[in-house]
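A.B. asks: generate a structure from the sequence data that follows.
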Amino acid sequence: MRTETFQCDVTVVGGGLAGVCAAVAAARLGQKVALVQNRPVLGGNSSSEVRVWVCGATAHGNNRYARETGIMGEMFVENQYRNPDGNPYLWDLVVLETVLAESNITLFLNTDVHEAEAEGPAEDRKILSVTGWMAGSERKITYKSPVYIDCTGDGLVGFLAGAGFKIGREAKSEFNEDWAPEVPDGITLGSTILFYTKDVGHPVKFVAPSFARDIENTTIPMRRVIRSGSNGCDYWWIEFGGELDAVHDNERIRDELWAVVYGIWDYIKNSGKFDDAANMTLEWVGAVPGKREYRRFIGDYTLNQNDIMAQEPFEDRVAFGGWSIDLHPPQGVYATESGSKHLHADGNYHIPFRSLYSSNVNNLLFAGRNISASHVAFGTTRVMATCAVIGEAAGSGAALCVQHSVTPRELHANHLTELQQTMLRQDASIIGLRSRDAGDLALGAKVTASSTYRSIAVEQSAGSHVLDKSAGILFPVEPALEGFELLVDADAATTLTVELWDTGRGENYVPANLVQSIDVSLQPGQKQWVNIPLQWQPQEAQNAFVIMRKNVSVSLHATDRNLSGVLAFNQSFEPVVAVELEERSPEKLVQQWTMSGVRRSPWCFRAKGASQAYTPEKAVGGYIRPYGGPNQWMSEELSGGPQWLELAWDVPQSVSEVHVTFNDDVNEDLINLHHHRTDFEIIPELAKKYVIEGSNGPEWKLIAEESDNRKRKHVYRLAEKTDLQRLRLTVLETNGSSFAELIDIRAY
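C.D. replies: So this is what the prediction gives:
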């Protein structure tokens, strides 16, 4: 046996997406990081060992402009390019390369941490070290650092160190949560094992193992949806263990899940009810149960259902989520009720830093499904993309704790603004906070551009759609809407009702408050531009949501060109998933207003009045994602030639770094595996070919150039500090958009 000690600044235990993002975040901020993972691959439940879809705030497309940015966003966009077919092993590579790219991270795979040394009384403990065993290498490794992050999912490190935690469901009275039970209990969400199938082109028999469940003697065929062509996360409902101990009964849970998987496959192959299953075989069956829930640590704040539904804008928010509160019956696959029930907020919610550190272990942070949240709130924070952005927040916090020699609680008390501003500089997933980085020279520059998109209009029709359900169009209003025109066909003389609504909150994209309603008389005719005298001058820039009420005598025209900041909707009350699987509230607006059928195809309209929503100043406006508007510079069409944006200072500035953040359309719902794919491998709005130049006189000096870009954020470090009076970004070509689009530019 080899006994070793590894000294570092931050120890991250757990290599799921929360741990990966925590480690990368701390490493990018200059700290030496140990990333310790007990499996041979990274990615946790998303890895090729378990193969769960990486879901997050987009909620499979329910929420608008909700896709995560920062480290998780980088992996989403890179995976879309490398892995459009959703190969689990290629996803493993994307995650692994994200870690290996950071020289400050030392990765320890196959290393199971099972000891923690801590000191101090129960109410104020400190971790001194954690120790793990590296399987296959016979190495016992002790990790020592000032700060530790528990990303184990089950909360093992915090448990060993004496951190306070909860398991199970709180009583309704504890947080006044409607969805909590009357009395507390130890029930958790269960675990799942998935399987993949393959059509091999010739008949394949299946002889069920002796332990396979005869599912025809259970409620499964009646209460769940079984299809021969489905596989992977289509079978998320193969769940068991909610009434057991997810850790200590892990082997029993795995065995029961295997019995169910092989029983379902036996039913598909041999029941005679699936004619298309003859040539299908099992390609893969998981061996590691994907756990949903176990310990949840107690932090200085416990996120609860009311915070989620109110979208509480915490002063210390450092991450966001948007998945529904998604709770499952304790009996899992054997339940006679729906496999899940869902409660949706009107948009994305916020997660406070106080929920990411222990209330009694003073150098412990945590990220992932073990954060300080009630069981009900955990029903949404547990999904992996949300766990990932929480991980980036915890890793950023840990790095600053080391830098300032403070505890996480002290960091919250004395360095909160620095934490948030640091995260915004890194393009992290925070909504509604404006960057005001004191070191950003761009904030003191005069900003100009070659052109600005000012007339919000979608005029080129690619086809018409009968208005057999109410439809909506969302677009930014800044400073005022002076009128509205709509391209329609009318089969007969009729009256069309058009309503103007605000969205209530900057992070929401559903109608909230009625501003104006107008009935418009239409005469029969095709492709009529109809004038609708909607007018609105909001007190601050925000989005308008215009509704065209159902009228089967009217057809709307739609384009086939996306326009950033503009979204089209259809209203639907129909469930999108079988009720045997999911119980949802159809009255919730995020369920009613869907982009199905009109994604990237807005209705043809004209918003009258010169818009200031896309001015060059937006690129230094401080918002790094949509919030009450697109928050980006957008040029006129590139067909007129290259488009540029320029920063100019009254006196030369000493510049060593330039940051640029392009628009990667965070409204586009991406996913790591096979749930769905986009029509493109690179986000069209991203700049493809561009140059960055600086000047301190009549001549421009090249700083950076790209000819095949597919990334959102770039940081260019100059070889040496350079005095510049002007800095210019010129976009020569995009990956498909007609416009040059820039979210953020910074100079340091």
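A.B. asks: what is the neighbour count of N306?
C.D. replies: Neighbours of N306 under the rule other Cβ atoms under 10 Å: 15. Just so you know, the C-beta spots here come from the backbone N, C-alpha and C atoms, and that holds for glycine as well.
A.B. asks: my bad, D519
C.D. replies: 10.
A.B. asks: pretty sure it contacts L496?
C.D. replies: Yes. Counting by Cβ atoms under 8 Å, D519 does reach L496; the two are 7.3 Å apart.
A.B. asks: in the chain, which spans are helices?
C.D. replies: Assigned by DSSP state H, the helices in the chain fall at 17-28, 70-82, 88-100, 156-161, 172-175, 220-223, 250-270, 305-310, 375-381, 384-404, 408-414, 416-425, 589-592.
A.B. asks: most tightly surrounded among those helices?
C.D. replies: Most buried of these by mean neighbour count (mean count of other Cβ atoms under 10 Å) is helix 17-28; its value is a mean of 32.
A.B. asks: how far does it sit from the chain's center?
C.D. replies: 16 Å (Cα atoms, centre = their mean, to the nearest Å).
A.B. asks: isn't Q37 up against I105?
C.D. replies: No. Applying Cβ under 8 Å as the test, Q37 and I105 come out as separate, 11.4 Å apart.
A.B. asks: those two: which is more packed in?
C.D. replies: Applying other Cβ under 10 Å to Q37 and I105 shows that Q37 carries more neighbours, namely 29 against 23.
A.B. asks: how much space between the more buried one and E74?
C.D. replies: 20 Å (Cβ to Cβ, to the nearest Å).
A.B. asks: these two touch, right, S191 and A246?
C.D. replies: Yes. Counting by Cβ under 8 Å, A246 is a contact partner of S191 at 6.2 Å.
A.B. asks: what touches both of these two?
C.D. replies: When contacts are counted by Cβ atoms under 8 Å, 6 or more residues apart in numbering, the set common to S191 and A246 consists of I253, K291, R292.
A.B. asks: who are the contact partners of the first one?
C.D. replies: Taking Cβ under 8 Å, 6+ apart as the criterion, I253 is in contact with G190, S191, F240, G241, L244, A246, P289.
A.B. asks: quick check: pLDDT value at it.
C.D. replies: If you check I253, the pLDDT there is 98.
A.B. asks: hang on, the earlier thing: more neighbours, S191 and A246?
C.D. replies: Ranked by neighbour count (other Cβ under 10 Å), S191 and A246 place S191 first, with 28 against 22.
A.B. asks: name the nearest residue to that one, sequence neighbours excluded.
C.D. replies: Closest residue to S191 in three dimensions, ignoring its sequence neighbours and counting by Cβ to Cβ, 6 or more residues apart in numbering: P289, at 3.8 Å.
A.B. asks: chain center to stretch 332-348: distance?
C.D. replies: Taking mean C-alpha positions (Cα atoms, centre = their mean), stretch 332-348 and its chain are 20 Å apart.
A.B. asks: what's the end-to-end length of it?
C.D. replies: End-to-end span of stretch 332-348 (Cα to Cα, to the nearest Å): 28 Å.
A.B. asks: what are the buried residues along it?
C.D. replies: With burial defined by 16 or more other Cβ atoms under 10 Å, the residues of stretch 332-348 counted as buried are 332-335, 338-348.
A.B. asks: tell me how far stretch 28-45 lies from the chain's centre.
C.D. replies: Relative to its parent chain, stretch 28-45 has a centroid offset of 20 Å by Cα atoms, centre = their mean.
A.B. asks: my bad, stretch 238-255
C.D. replies: For stretch 238-255, the distance to the chain centre is 28 Å (Cα atoms, centre = their mean).
A.B. asks: ok, now stretch 16-36?
C.D. replies: With Cα atoms, centre = their mean, you get 19 Å for stretch 16-36.
A.B. asks: and what of stretch 270-287?
C.D. replies: 33 Å.
A.B. asks: equivalent analysis for stretch 342-352, please.
C.D. replies: 12 Å.
A.B. asks: likewise stretch 540-558?
C.D. replies: So, by Cα atoms, centre = their mean, the centroid of stretch 540-558 is 28 Å from its chain's centroid.
A.B. asks: just stretch 70-86 next, same as before
C.D. replies: 12 Å.
A.B. asks: name every strand pairing with the longest strand seen in the chain and say which way it goes.
C.D. replies: Longest strand in the chain by number of residues (criterion: DSSP state E): strand 713-734. Strand 713-734 sits in its sheet next to strand 643-662 (antiparallel), strand 687-695 (antiparallel), going by DSSP bridges.
A.B. asks: many thanks, I have nothing further to ask.
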